[in-house]
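Enquirer: here is a sequence with its predicted model. Questions after.
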Amino acid sequence: MAGEKEKLIYTIREQLKSDMLLGGKWLPKGQLRAIELSASVESAPSAPSVEQRSEPVVVSPEPETQAPAYMTPQVEEIMNKKQKLKALAAEVAGCQSCSLSQSRINVVPGEGNANARLVFVGEAPGQSEDEQGRPFVGRAGKLLDNIIAAMGLTRDDIYICNILKCRPPDNRDPQKSEVESCCHFLYEQLNIIDPEVIVALGTHAAHTLLETSTPIGQLRGKMHTYHPAGLNKPIKLAATYHPAYLLRNYTPDTRAKVWDDMKKVLRELDLPVPGK
Ligand code: URA
């Protein structure tokens, strides 16, 4: 039981640290210290020494209803988001709404920081992703890792997912009916995470989220707005070239355009632009 509690405190501390790194939208810096203090208080209770005791010590159990010291509203919110994403991933795993469920090895719901300020949305899993059940782990994923690192971030700071949660055979383009039956999972993920900025990677992500058919070359280079269904709050969206396209067109011009888009995203988040 004590191990469980320590694990929980560790997880929350790591989460809070990465939130702070990303400039945490609501997290007061003292929060982390408070959790460290409550962790050390709980693991090393200070009872008076035997010599100091004048009366018998009565240990009364903590009332069941009282939340532990580290369970602040902020920590609770992060844990709620994690739980909701986990429940959604379980739903994705059981989905048989389209024929892709028949050919998949694994579903690829998405992964990362449940409290991320920045979410990357790709198109659909490829072969490596299907095999591992994780987004962007193949060649295009390695390039995306480089882009994220160049932004001064890590995968733990952000969330990555796709429009489709299952691999289309032979990596063909997603079909309209597949997008229609799958995109509610993405919309729910975005509603749970509630990021400040979304990066749509490539044509399919940009077209789905912006409900447009404007070519990606015209969509990139400026900030757009994604309007989540059922929510009043719009979310900023930057569209850029898909890393797989960048791999096929690895020219100074395309690379500069993608980097330009990422710099806009960093500025939008009030984060430092590395190399400036
Ligand atoms: N391409 C995508 O769009 N998504 C992945 O997860 C991998 C490659």
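Expert: All right, it came through fine.
Enquirer: next helix or strand past the helix-or-strand element of the chain with minimal mean pLDDT?
Expert: Every helix and strand of the chain was ranked by mean pLDDT, DSSP states H and E. The lowest is helix 30-43, at a mean of 35. As assigned by DSSP states H and E, the chain's next helix or strand after helix 30-43 is helix 73-93.
Enquirer: buried ones in that next one?
Expert: By 16 or more other Cβ atoms under 10 Å, the buried positions in helix 73-93 come out as 74-75, 78-79, 81-82, 84-85, 88-89, 92. To be clear about C-beta, it is placed using only N, CA and C from the backbone, and glycine gets the same treatment.
Enquirer: can you name every helix or strand that that helix contacts?
Expert: Applying 3 or more Cβ pairs under 8 Å, 6 or more residues apart in numbering; DSSP states H and E, we find helix 73-93 packed against helix 2-21, helix 176-193.
Enquirer: and whichever helix or strand Asn146 is part of, what's buried?
Expert: Taking DSSP H and E as the definition, Asn146 sits inside helix 139-150. Across helix 139-150, burial judged by 16+ other Cβ under 10 Å covers 140-141, 143-145, 147-148.
Enquirer: from these, which are also near the ligand?
Expert: 140-141 (Cβ under 6 Å from any ligand atom).
Enquirer: specify which member of the buried residues of helix 139-150 is nearest to Asp157.
Expert: Nearest to Asp157 out of the buried residues of helix 139-150 is Ile148 (Cβ to Cβ; 8.0 Å).
Enquirer: ok, Ile78 touching Asn115?
Expert: Yes - when contacts are counted by Cβ atoms under 8 Å, Ile78 is listed as touching Asn115 (5.0 Å).
Enquirer: tell me the spacing between the residue in the chain that the ligand sits nearest to and Glu77.
Expert: Per Cβ to the nearest ligand atom, Gly122 is where the chain lies closest to the ligand, at 2.9 Å. Spatial separation of Gly122 from Glu77 under the definition Cβ to Cβ, to the nearest Å is 26 Å.
Enquirer: quick check: residues of this structure near the ligand?
Expert: 122-126, 129, 135-136, 138, 140-141, 162, 244.
Enquirer: ok, the residue of the chain closest to the ligand - contacts?
Expert: 135-136, 140, 144, 160-163, 201-202, 205, 242 (Cβ atoms under 8 Å, 6 or more residues apart in numbering).
Enquirer: phi, psi for it please.
Expert: The phi and psi values for Gly122, taken as degrees, to the nearest 10, are phi -100, psi -160.
Enquirer: what pairs with it across the strands?
Expert: Beta-bridge pairing for Gly122 (DSSP bridges): Asn162.
Enquirer: nearest residue to the middle of this structure?
Expert: Tyr159 (2.1 Å; Cα atoms, centre = their mean).
Enquirer: if we can go back for a sec, among the contacts of Gly122, who's most crowded?
Expert: Leu201 (30 neighbours; other Cβ atoms under 10 Å).
Enquirer: which residues touch that residue?
Expert: Shown in contact with Leu201 (Cβ under 8 Å, 6+ apart): 120-123, 144, 240-243.
Enquirer: domain ranges for the chain?
Expert: Domain segmentation of the chain under automatic domain parsing yields 2-43, 73-268.
Enquirer: include distance to Pro274 when you put these into TSV, please.
Expert: Shown next, in TSV, are the domains of the chain (distance: least, Cβ to Cβ, whole Å):
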stretch	distance to Pro274
domain 2-43	13
domain 73-268	5
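Enquirer: winner for burial among those domains?
Expert: domain 73-268 (a mean of 18; mean count of other Cβ atoms under 10 Å).
Enquirer: endpoint to endpoint, it covers what distance?
Expert: One end of domain 73-268 sits 26 Å from the other (Cα to Cα, to the nearest Å).
Enquirer: likewise for stretch 67-76?
Expert: End-to-end distance of stretch 67-76: 10 Å, with Cα to Cα as the criterion.
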